[in-house]
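Give me a 3D structure for the following:
(chains A, B, C and D)
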Number of protein chains: 2
Amino acid sequence: MAVTIGSVAKAAGVSVSTVSRALNTPDLVNAATRQRVVAAAERLGYTPNPAARSLREGRTESLGLLIPDITNPFFPPIFKAMQERAKRQGYTLLVADSDEREADELETIAAVSKKVDGLVLWASMLPENRLAELAERMPVVLVNRQVPGVSEVHVSLTDGIAQATEHLKAYGHQRCVFVDGNGNRPDQSRSKSIREAFDAHGMSLVEIGPYEPRFETGVHAAPLVLAHQATAVLAHNDLVAMGVLHQLAALGASVPGDISVVGIDDTLLASVSTPSLTTIRIDPDEIASRAVDLLIGLVHERPPATPVVQIGSRLIPRGTTGPVRRDPQQ
Amino acid sequence: MAVTIGSVAKAAGVSVSTVSRALNTPDLVNAATRQRVVAAAERLGYTPNPAARSLREGRTESLGLLIPDITNPFFPPIFKAMQERAKRQGYTLLVADSDEREADELETIAAVSKKVDGLVLWASMLPENRLAELAERMPVVLVNRQVPGVSEVHVSLTDGIAQATEHLKAYGHQRCVFVDGNGNRPDQSRSKSIREAFDAHGMSLVEIGPYEPRFETGVHAAPLVLAHQATAVLAHNDLVAMGVLHQLAALGASVPGDISVVGIDDTLLASVSTPSLTTIRIDPDEIASRAVDLLIGLVHERPPATPVVQIGSRLIPRGTTGPVRRDPQQ
DNA sequence: ACACACATCAGAAACGTTTGCAATGCTGCC
DNA sequence: GGCAGCATTGCAAACGTTTCTGATGTGTGT
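I've put the predicted structure just below:
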């Protein structure tokens, strides 16, 4: 039924081992026979059975990517870039969505780990010892989660936030609200960077939250921004910023006339909103490349040069930030 | 190194075949030995090697999903639902993004087809004969693409568009622009349904396009809407609608005061826009369930009851539609 | 007591591939 | 002319699993 290496061997009048060599290590076989073999393989439409090859080789030529929620528009471009990057190096990328639940994450890892040669775990919620233990057994690259001894790609918002702070300061803003949407996740670096940047610039920061990073969180935060008499909002991500934007409009506050809004992630949402959203961009291609290359390096037993790779960020000024109103019409 | 069925056998003091039976067909083994086996398996943390199992069984317990562009916010919820549905039936879902290019699609299918038991192809751009040929070789379910003899899930916009038309008519709209963002894809049913619905309600329809389904398409279309003196816009999808919304605001037209806007797909974009976007909803869970169940049926040699499954749609009225202005202030 | 069914388990084959090892024939060198 | 070495190829093992076949023992009915 299916066309195996045996069929090709028979068609070309050689043994299976010769077929295998002709296709994998062409130098080891006579030019004439090689040609017969590839012709036969071509004619029969032969492609090797990956299960058999995996079994023999102990490698699957696949990588796994575990993300909290593919529905968050931040992730699709990253997935796409990783898939592209992996494909160019001969790997298939297997994504799984852990749905933000620790239990699901464990289950998914169990289901997927044997089908791949390595894993990229994005903002894993698993306890540190489990991650360390997993990394013992197979190549693992963490993103936005720090565990001693495990390779990591870390997205640093420091630059982007510094730029956002300067940007707001230049527009005359003094008092800003940060809507923390980190929920109860382990990585607290986002709010920490923000606190430091505002301190450094001598600006006043009101933190509200932490809440879940949802649109409704922004909706909920909007009246608080007005109540705190802030003139600018920095949201945990673009989605939350959209909620703020939406509710500010409903409350009759104009953006950026009355209030400036800054998001984080530069997702599709930011570029399609009205007005378009000033946000802090994290380059998906860069994260994808670094994470995939790091992981493939680990698969090939090439330990990383540095245990943690830093990814930068930068402000993308757009339509939701502007000068603070001199004479606020009450 | 790795823990195989052999390790478990040795640890439990039985043969490999007994281990296999104890885990797969427990009825065939004595209760006492079964318990010893499962205890040993548990203790060693044994999980079967999927490559070996696939090789032996000829099945991979995986399904493939090929979509044009995961970056389109319509797809993530569908992927998520399909993954969930597949998981519950013991399958892993492998997604691949064909990036809207026919060449990539072929290549991706080649790379993925041997790793899965069946494929869901979303809006495939491949020629009919290739699809028919592929469906000969393996279980295939098409979505939004019709090929005789191949199973299909078809999203019908008929209901949703009819509702949208009535909705606009009730608000007094007479003249509407349809922004066709179908590009050069094979499936023309979207524009056809719209034409028919407007004809049936005696409303005037101006079609512009076809363009690619991008935000910029909507931006480009916005002034044309005003030029055509229409009071409503129906966009090919939510993303295009967002472009229209954005540019209408830039042109000083208020929504829904001056112009009403309707999208299609009910993506995240629709719910987070300001004002929130009236759109036609296609239930991702329903498509996902039907497609996955259909495909798994085919994998198990259960031919579908009907060759093509229809999925409905309905209007979700939100903030971008309203009554046409009686006295248009020039 | 004997045949027979049945429960329980071990052994071995098979899935498709790669690769170590050995066999063959040829070349070239002394 | 003989022999070492090399190019070329086939054979067989191995990867981990499932399942077919058969062996062994136990109980049952006559």
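
from here on, contacts and neighbour counts on C-alpha atoms
Will do.

So which bits of the stretch 151-300 of chain A are right by chain B?
Residues of the stretch 151-300 of chain A lying close to chain B (C-alpha under 8 Å from any C-alpha of the partner chain) are A:Phe215, A:Leu239, A:Met242, A:Gly243, A:Leu245, A:His246, A:Ala249, A:Leu269, A:Val272, A:Ser273, A:Thr274, A:Pro275.

nope, the stretch 1-150 of chain A is what I was after
A:49-52, A:54-55, A:70-71, A:73, A:76-77, A:80, A:83, A:92, A:94-97, A:111-112, A:114-115.

quick one: which helix or strand includes the closest residue to DNA strand C within the stretch 101-250 of chain A?
The stretch 101-250 of chain A approaches DNA strand C most closely through A:Lys115 (15.8 Å), counting by C-alpha to the nearest atom of the strand. Under DSSP states H and E, no helix or strand contains A:Lys115.

Pretty sure B:Ala52 is one of the things it touches, is it not?
No - with contacts counted by C-alpha atoms under 8 Å, A:Lys115 stays clear of B:Ala52, the gap being 11.1 Å.

Give me the more crowded residue out of these two.
Neighbour count, other C-alpha atoms under 10 Å in any protein chain shown: between A:Lys115 and B:Ala52, A:Lys115 has more, with 21 against 17.

Quick check: that one vs DNA strand D, distance?
If you measure A:Lys115 against DNA strand D using C-alpha to the nearest atom of the strand, to the nearest Å, the figure is 12 Å.

With A:Met242 instead?
49 Å.

Backbone dihedrals for that residue, please?
Per-residue torsions, A:Met242: phi -60, psi -40 (degrees, to the nearest 10).

Over to A:Val153?
According to degrees, to the nearest 10, A:Val153 has phi -110, psi 120.

Also A:Leu55?
Dihedral angles (degrees, to the nearest 10) for A:Leu55: phi -60, psi -50.

Next: A:Arg34.
Per degrees, to the nearest 10, the backbone of A:Arg34 is at phi -50, psi -40.

residues in contact with the closest residue to it other than its chain neighbours?
Nearest residue to A:Arg34 in three dimensions, chain neighbours excluded: A:Ala22, at 5.2 Å (C-alpha to C-alpha, 6 or more residues apart in numbering or on different chains). Counting by C-alpha atoms under 8 Å, 6 or more residues apart in numbering or on different chains, A:Ala22 makes contact with A:Leu28, A:Val29, A:Arg34, A:Val37, A:Val38.

I'd say the second one and A:Ser17 touch.
No - A:Val29 is not in contact with A:Ser17 according to C-alpha under 8 Å; the separation is 10.4 Å.

quick one, which of the two is more surrounded?
The residue with more neighbours, out of A:Val29 and A:Ser17, is A:Val29; 15 against 12, by other C-alpha under 10 Å.

Skip the chain neighbours and tell me the closest residue to that one.
Nearest one to A:Val29, counting by C-alpha to C-alpha, 6+ apart, is A:Ala22 at 5.9 Å.

Export only the CA atoms of stretch A:169-189, formatted as PDB.
C-alpha atoms of stretch A:169-189 as PDB (Å, rounded to 0.1, in the frame of the first residue of the first chain):
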ATOM      1  CA  LYS A 169       7.300  63.600  30.600                       C
ATOM      2  CA  ALA A 170       8.100  65.600  27.400                       C
ATOM      3  CA  TYR A 171       4.400  66.000  26.800                       C
ATOM      4  CA  GLY A 172       4.100  67.500  30.300                       C
ATOM      5  CA  HIS A 173       2.600  64.500  32.100                       C
ATOM      6  CA  GLN A 174       3.300  64.300  35.800                       C
ATOM      7  CA  ARG A 175       1.000  61.700  37.200                       C
ATOM      8  CA  CYS A 176       0.400  58.300  35.600                       C
ATOM      9  CA  VAL A 177      -1.600  55.200  36.400                       C
ATOM     10  CA  PHE A 178      -0.200  51.700  35.800                       C
ATOM     11  CA  VAL A 179      -2.800  49.100  35.300                       C
ATOM     12  CA  ASP A 180      -1.200  45.900  36.400                       C
ATOM     13  CA  GLY A 181      -2.600  42.900  34.500                       C
ATOM     14  CA  ASN A 182      -0.100  40.300  35.600                       C
ATOM     15  CA  GLY A 183      -2.600  38.300  37.600                       C
ATOM     16  CA  ASN A 184      -0.800  35.900  39.900                       C
ATOM     17  CA  ARG A 185       1.900  34.900  37.400                       C
ATOM     18  CA  PRO A 186       5.400  34.400  38.700                       C
ATOM     19  CA  ASP A 187       7.200  37.000  36.500                       C
ATOM     20  CA  GLN A 188       6.900  40.400  38.200                       C
ATOM     21  CA  SER A 189       9.500  42.100  36.100                       C
END
